[in-house]
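Participant: Predicted structure and sequence below. I'll ask about it afterward.
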Amino acid sequence: MARLFPFRALRPAPAAAAAVAAVPYDVVNTHEARALASDQPLSFLHVSRAEIDMPADTDPYSSPVYEQAVANFAALRANAPLEVEAEPTLYVYRLRMDAHVQTGVAACFSVDEYDTDLVKKHERTRRDKEDDRTRHILTTRGQTGPVFLTYKASADVDAIIARATLQLPLFNFTAVDGIVHTIWQVPATERDALVAAFGRIPALYIADGHHRAASAARARRELAGPSKTPGEWDTFLAVAFPDNQMQVLAYNRVVKDLAGETPAALLAKISAVHAVVPGAPVPQKPGVISMYLAGVWHEITLAPALASASPSDRLDVSVLQDTVLIPFLKIGDVRSDKRIDFVGGARGTKELESLVDSGKAAVAFSMFPVRVSDLMDISDAGGIMPPKSTWFEPKLRDGLLSHLI
C-alpha cells in the first residue's frame, strides 16, 4: 500500500516564494535556464542548473558545476531566506492553469516502495541523466525538486484535502507563465488521517520525474551503505495527484527531413497504409493524427494495431512509429535519432507550423493525448510507454519544497 511521510521541508519565506520558484530543471536547456534566471537572483535555477552562473563553455556535468550548486544553495538559503519547517509536515499543492485545476498532496514517499514497484514506472531512465541528479542530490544533500505522482482517486483523501484548503495558504502566486501555485500546510490534526487514507491506496504511478525518483534511490544506496543505515534518504520528495484531475497534453513530433522523399511521395506512401484526408491541426479522438506537410494539414486515421499487440504497441505514438516514422522517414530510435524532435502540447500547433514553414523541419505530426488510464494499464502490466508519449501540464515548480537528506 502507498505510504507517505510528513517531512521538515526546506522552503522559502512566503514573501520570497514567487521569486524562488523555478521551472523543473529538465524542461529547459542551459541557454533557456540562463535567460530565465538572468535577472532573478533568487531563482532556484541557480541551484538546479548551476552551470548558468559559469562560463558559457562549461561542461554542465563537470565537478565545478556541482560545487557551484552547493555554493548557490547556501547563498539562497541565506538570501531568500529558505527556512526549515519546525516539525514534520504534509502539504496540499494546487495548480491552476486557465480553467483546469488539480490538487495534490506534497510529502515524502517510500524509496523501498519505489524499488519494489509499488511506485510504478512507465519509462526507462538514462544512466547519464541518473548520474547527474544523483550527484546533485549527494553534493547538495537535498532532493530539490518533486517527483510528479498520480493515484486512483480516493474519496477519503479528497475530503481531507478539501478541509485543508479552507485555511489560509502558505504560498499563493501566479508564475510568469500564468500558472497559479497554491500550497497549504495540512493541519496537525489531519496528518494521521491523511497518512492512513494513503495507506489504503493500492499503488502510486510516476507521471513525470522518473530520473528524479531513480536518482533518489541511487543516492539512498550510497548514503545508507551496505548496512542500510536508516535516514532521510529512505524517502523521496513528490506531489501525488488523483488520476481524475490529471491533464495530459499531446507530445507532438517534428522530423527535419523526408529521408529523400518528396512531399507527394510521402503522402502517397502513408495513404497506402492509413486513410488520409485534408484535416484540422488538432486531432479530435484517439486513432487519428494530424500531419502538417508542405503547408497543408492532413488527417490520418490510423489502421488498427494487431489484436495481439501489447497495450503500449496499440498507442497512437507506437503505430505512427512502426508504420510511418520507421519505414518511410527512416527514424529508427526516437531516443537517439537527431532528425526527430518533440514539441510539448502546451506550445500548440502554431509552433509545429512555424518549424515546418521556416524549414527547420520538413513534416510535423500533431497527436491526440495519451490517457492517464493508458499509463496506469501499461504500468500495471509492467510495460514501458513509448518515448516522449506523455506531456503533463501544468508542471510543478522547483524550490518551493525541498527535502534535506
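Facilitator: Good, I have the coordinates.
Participant: ok, P41 to D234 distance?
Facilitator: According to Cβ to Cβ, to the nearest Å, P41 stands 34 Å off from D234. No exception for glycine: its C-beta is placed from N, CA and C like everyone else's.
Participant: likewise F171?
Facilitator: Distance of F171 to D234, given as Cβ to Cβ: 27 Å.
Participant: Pick out whichever of those two has more residues nearby.
Facilitator: Each of F171 and D234 has its neighbours counted (other Cβ atoms under 10 Å); F171 has more, 23 against 18.
Participant: how about the more buried one, phi and psi?
Facilitator: Dihedral angles of F171 (phi, psi; degrees, to the nearest 10) stand at phi -130, psi 140.
Participant: pLDDT wise, what is it at?
Facilitator: Per-residue pLDDT puts F171 at 98.
Participant: wouldn't it be in contact with L401 here?
Facilitator: No - contact between F171 and L401 fails when scored by Cβ atoms under 8 Å: they sit 9.4 Å apart.
Participant: residues bridging contact with the two, i.e. touching both?
Facilitator: Residues touching both F171 and L401 (Cβ atoms under 8 Å, 6 or more residues apart in numbering): I183.
Participant: Let me see the ranges of the helices in the chain.
Facilitator: 17-20, 30-37, 45-48, 63-79, 111-115, 127-140, 155-164, 188-198, 210-224, 263-271, 316-320, 348-357, 372-380 (DSSP state H).
Participant: Give the other helices and strands that the first one contacts.
Facilitator: I take that to be helix 17-20. Packing partners of helix 17-20 (3 or more Cβ pairs under 8 Å, 6 or more residues apart in numbering; DSSP states H and E): strand 10-12, strand 171-174.
Participant: Can you dump the C-alpha atoms of the last one in PDB for me?
Facilitator: Below are the C-alpha coordinates for strand 171-174, written out as PDB (Å, rounded to 0.1, in the frame of the first residue of the first chain):
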ATOM      1  CA  PHE A 171       2.100  30.300  -0.700                       C
ATOM      2  CA  ASN A 172      -0.200  31.700  -3.400                       C
ATOM      3  CA  PHE A 173       1.200  33.300  -6.500                       C
ATOM      4  CA  THR A 174       0.900  33.300 -10.300                       C
END
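Participant: Packing partners of it?
Facilitator: Packed against strand 171-174 by the contact rule (3+ Cβ pairs under 8 Å, 6+ apart) you find helix 17-20, strand 180-185.
Participant: Can you pull out the low-pLDDT segments for this protein?
Facilitator: Within the chain, the ranges that satisfy pLDDT under 70 run 307.
Participant: before we move on, the earlier item: for my notes, please list the helices and strands packed on helix 17-20 in TSV and give distance to L223 for each entry.
Facilitator: As requested, these are exported to TSV (distance: least, Cβ to Cβ, whole Å):
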stretch	distance to L223
strand 10-12	17
strand 171-174	29
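Participant: rewinding a little: which of the helices of the chain sits most buried?
Facilitator: Mean neighbour count (mean count of other Cβ atoms under 10 Å) peaks for helix 45-48 among these, with a mean of 27.
Participant: my read: K388 touches G344, true?
Facilitator: No - counting by Cβ under 8 Å, K388 sits too far from G344 to count as a contact (9.3 Å).
Participant: list residues touching both of those two?
Facilitator: With Cβ under 8 Å, 6+ apart as the test, K388 and G344 both reach Y251.
Participant: returning to that earlier point: out of the helices and strands packed on helix 17-20, deepest packed?
Facilitator: strand 10-12 (a mean of 23).
Participant: which residues sit against that strand?
Facilitator: 17, 19-21, 77, 80-85, 142, 170-171, 399-404.
Participant: Would you mind writing the PyMOL command to select the buried ones in the residues you listed?
Facilitator: In PyMOL, selecting the buried portion of the contacts of strand 10-12, with burial taken from 16 or more other Cβ atoms under 10 Å, looks like this:
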select buried, resi 17+19+20+21+77+80+82+142+170+171+399+400+401+402+403
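Participant: got CSV for the helices and strands packed on strand 171-174, with distance to T262 too?
Facilitator: Formatted as CSV, the helices and strands packed on strand 171-174 follow (distance: least, Cβ to Cβ, whole Å):
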stretch, distance to T262
helix 17-20, 51
strand 180-185, 48
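Participant: out of those, nearest to E351?
Facilitator: Evaluated with Cβ to Cβ, those place strand 180-185 nearest to E351, the distance being 23.7 Å.
Participant: Show me what the closest one is packed against.
Facilitator: strand 91-97, strand 171-174.
Participant: so which of the ones you listed comes closest to A159?
Facilitator: strand 91-97 (12.2 Å).
Participant: The closest one to strand 180-185, inter-axis angle?
Facilitator: Relative orientation of strand 91-97 versus strand 180-185 (axes from the mean of the first three to the mean of the last three Cα atoms, to 10 degrees): 170 degrees.
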